[in-house]
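S.K.: need a 3D model of the following:
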Amino acid sequence: MRHAFGGKARFTQSLGTEDYREAKRRAGYWDAKWRGEIDQARHGSSDPLERDARYFREALRHAPEEERELILDQVDARYQSIVERGIRREGLEADWKDDRIYDLPEFEQAERFASIAVGTALPFTEHLDDYGASLHGKEQKTIDQRKARIQKFAEDFPKVQDVTRKKVQKWVNDQAAEGRSPKTIQGYVSDVRSYWNYLISIEAVPEESAPFDKLSLPRASSKGRADDRRAPYTPKDAVRVYRAALAEGDALLADLILLGMHTGARIEELCSLKVEHAKDFIDIRDAKTGAGVRQVPIHPAVKDMLERRRKESSDGYVFSGLKANKYGDRSNTMSARFSRLKTDLGFGPSHVFHSFRNTLATMMENAGVLEGIAADTVGHKKQTMTYGLYSGGASLEVKQKALELVQYPWSAEGG
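M.R.: This is a model prediction of the structure:
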């Protein structure tokens, strides 16, 4: 951004006084002025009135409590001077009881200046980047998703002053009427509320403001919740999906499906699986949940395929040659290929790649495998206190025997 300031690396200004208190007061002005210029360079505002208002807003944000009154007096004086310019032009008396004053374009300008200066006309996304930077420990993908939702919300609420509980409730109702799912709406409200709390923390909005509290949010019906659940493929359908990938000549996708059928792993877990973690067993180290971090025995049906993939790998991954996106995810392309395949076969949105986990869990249950062993194998959280909190989990040997009870009906599909 230095090019906007003639290549300057820092600002300097003589304060012209030896009095400490006066120097501090003058420094506050220059600090606000420079922050405003930097803000202008970032946001590209060429409106002198808005630029001046931003100077004062920055000064108010950073000023100690004892100096805020002085800055507010300066805002008021600037407001008066804007209106008085119009009064002089029209040859009016400076009488604020004269209704004609309130019709002046300068009065509207003064109102806009004051609302920006004291923060009531703050653009809703003004501090969005700073908010994103404050989300320590969150994955960049999660941060970007939150920011995208907040930006989408800001399309209907461009200024902070637009956000009231009544208007937010209307927005929620409108989203529901347009067919947004309760889960989606709740996600939006949760992310925007989090951003609003950040604005409170930096004193960009009043602490007592609570436009996201006590909202009436839509709830999913019991039928809707059932519809949202992932549906397992039947064993026969799982084989059909696998064979369809082979028939299309997509050996990479077919092998991925085969491994999903026998591990219950997420597609990203498999696409990110390294050769060194798929030798004697499949070591899933980077899972979405704590229960998902696990060691899965190698089913005989995938043993030869894994050995071939390990030997052919050119980049250290079992599924070699996949490109990672900006978040480091390697499964994007394969997810799209799988989605097209299963849709072409007539499966709807409740059937996804992760449905193979449901399939595997169902087959283990039908084979008489104890729930705790099945949970350790497919990566589900155990429901009991004793096993869930205190158990170290089933051994690989126990899980191997349980997994080998799972046999897909290959002969029913012709071979």
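S.K.: low-confidence ranges in the stretch 301-415 of the chain?
M.R.: Along the stretch 301-415 of the chain, segments meeting pLDDT under 70 span 380-393, 412-415.
S.K.: can you give me the helices in it?
M.R.: Applying DSSP state H, counting those that start in this stretch to the stretch 301-415 of the chain gives helices spanning 332-344, 355-366, 371-378, 385, 396-403.
S.K.: of all those, which lies closest to L306?
M.R.: Smallest distance to L306 across these (CB to CB): 13.9 Å, for helix 396-403. Any C-beta I mention is one placed from the backbone N, CA and C, and that applies to glycine too.
S.K.: format the CA atom coordinates belonging to the closest one as CSV.
M.R.: Listed next in CSV are the C-alpha coordinates belonging to helix 396-403 (Å, rounded to 0.1, in the frame of the first residue of the first chain):
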residue,chain,number,x,y,z
LEU,A,396,-6.8,-54.5,15.6
GLU,A,397,-7.1,-58.2,15.9
VAL,A,398,-10.6,-58.0,17.2
LYS,A,399,-11.6,-55.4,14.6
GLN,A,400,-10.0,-57.5,11.9
LYS,A,401,-12.2,-60.5,12.7
ALA,A,402,-15.3,-58.3,12.9
LEU,A,403,-14.6,-56.6,9.6
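S.K.: buried set for the longest helix along the chain?
M.R.: Secondary structure assigned by DSSP state H gives helix 65-90 as the longest helix of the chain. Counting neighbours by 16 or more other CB atoms under 10 Å, one finds that the buried residues in helix 65-90 are I71, L72, Q74, V75, R78, Y79, I82, V83, G86, I87.
S.K.: quick check: mean pLDDT across that helix?
M.R.: For helix 65-90, mean pLDDT rounds to 86.
S.K.: I'd like the numbering to begin with 90 instead of 1 from here.
M.R.: Renumbered: residue one is now 90, and that last one reads helix 154-179.
S.K.: quick one on the thing from earlier: could you dump the buried residues of helix 154-179 to CSV with distance to I371?
M.R.: Converted to CSV, the buried residues of helix 154-179 look like this (distance: CB to CB, whole Å):
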residue, distance to I371
I160, 63
L161, 65
Q163, 67
V164, 65
R167, 68
Y168, 68
I171, 70
V172, 73
G175, 75
I176, 79
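S.K.: hmm, back to that, the longest helix of the chain: what's the following helix or strand?
M.R.: Reading on from helix 154-179 to the C-terminus, the next helix or strand found by DSSP states H and E is helix 194-206.
S.K.: picking up where we left off before, export the helices of the stretch 390-504 of the chain to a markdown table and tack on distance to R238 and mean neighbour count?
M.R.: Formatted as a markdown table, the helices of the stretch 390-504 of the chain follow (distance: least, CB to CB, whole Å; neighbours: other CB atoms under 10 Å):
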| stretch | distance to R238 | mean neighbour count |
| --- | --- | --- |
| helix 421-433 | 20 | 16 |
| helix 444-455 | 27 | 20 |
| helix 460-467 | 31 | 22 |
| helix 474 | 36 | 8 |
| helix 485-492 | 40 | 18 |
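S.K.: of all those helices, which lies closest to K272?
M.R.: K272 sits nearest to helix 444-455 of all the helices of the stretch 390-504 of the chain, at 18.3 Å, using CB to CB.
S.K.: tell me what angle the longest helix of the chain forms with helix 194-206.
M.R.: 170 degrees (axes from the mean of the first three to the mean of the last three CA atoms, to 10 degrees).
S.K.: and helix 154-179, what does it pack against?
M.R.: Other helices and strands packing on helix 154-179, by 3 or more CB pairs under 8 Å, 6 or more residues apart in numbering; DSSP states H and E, are helix 109-132, helix 137-151, helix 194-206.
S.K.: now with 7 Å?
M.R.: Packing contacts for helix 154-179, counted by 3 or more CB pairs under 7 Å, 6 or more residues apart in numbering; DSSP states H and E, involve helix 137-151, helix 194-206.
S.K.: how about those helices, which one is nearest E365?
M.R.: Between E365 and the helices and strands packed on helix 154-179, the shortest separation by CB to CB is 51.3 Å, and it involves helix 137-151.
S.K.: how distant is that closest one from the center of its chain?
M.R.: The chain centroid and the centroid of helix 137-151 are separated by 30 Å under CA atoms, centre = their mean, to the nearest Å.
S.K.: in that helix, what's buried?
M.R.: Residues of helix 137-151 classed as buried by neighbour count (16+ other CB under 10 Å): L138, E139, R140, D141, A142, R143, Y144, F145, R146, E147, A148, L149.
S.K.: from those, which is closest to I387?
M.R.: E147 (61.0 Å).
S.K.: tell me how far the closest one lies from Q169.
M.R.: Summarising the geometry, the distance separating E147 from Q169, computed by CB to CB, to the nearest Å, is 21 Å.
S.K.: ends of stretch 360-374, what's the gap?
M.R.: Across stretch 360-374, the terminal residues are separated by 13 Å (CA to CA, to the nearest Å).
S.K.: need the residues that contact it.
M.R.: Taking contacts as CB atoms under 7 Å, 6 or more residues apart in numbering, the residues outside stretch 360-374 that touch it are 352, 354, 358, 375, 381-387, 395, 399, 402, 405-408, 411, 419-420, 423, 485.
S.K.: and that stretch, how far out from the chain middle?
M.R.: Chain-centre distance of stretch 360-374: 28 Å, with CA atoms, centre = their mean.
S.K.: how about stretch 169-186?
M.R.: Per CA atoms, centre = their mean, the displacement of stretch 169-186 from the mean C-alpha position of its chain is 49 Å.
S.K.: if you skip the residues just before and after it, what's nearest to F442?
M.R.: I356 (4.4 Å; CB to CB, 6 or more residues apart in numbering).
S.K.: swap in E215?
M.R.: Leaving aside its chain neighbours, E215 sits nearest to A293 (7.3 Å; criterion: CB to CB, 6+ apart).
S.K.: can you check E139 too?
M.R.: Using CB to CB, 6+ apart, the nearest residue to E139 is I205, at 6.1 Å.
S.K.: from A183, how far out is the residue nearest to E215?
M.R.: As for A293, its distance to A183 is 34 Å (criterion: CB to CB).
S.K.: more neighbours: which of those two?
M.R.: For A293 versus A183, neighbours defined as other CB atoms under 10 Å are more numerous around A293 (17 against 11).
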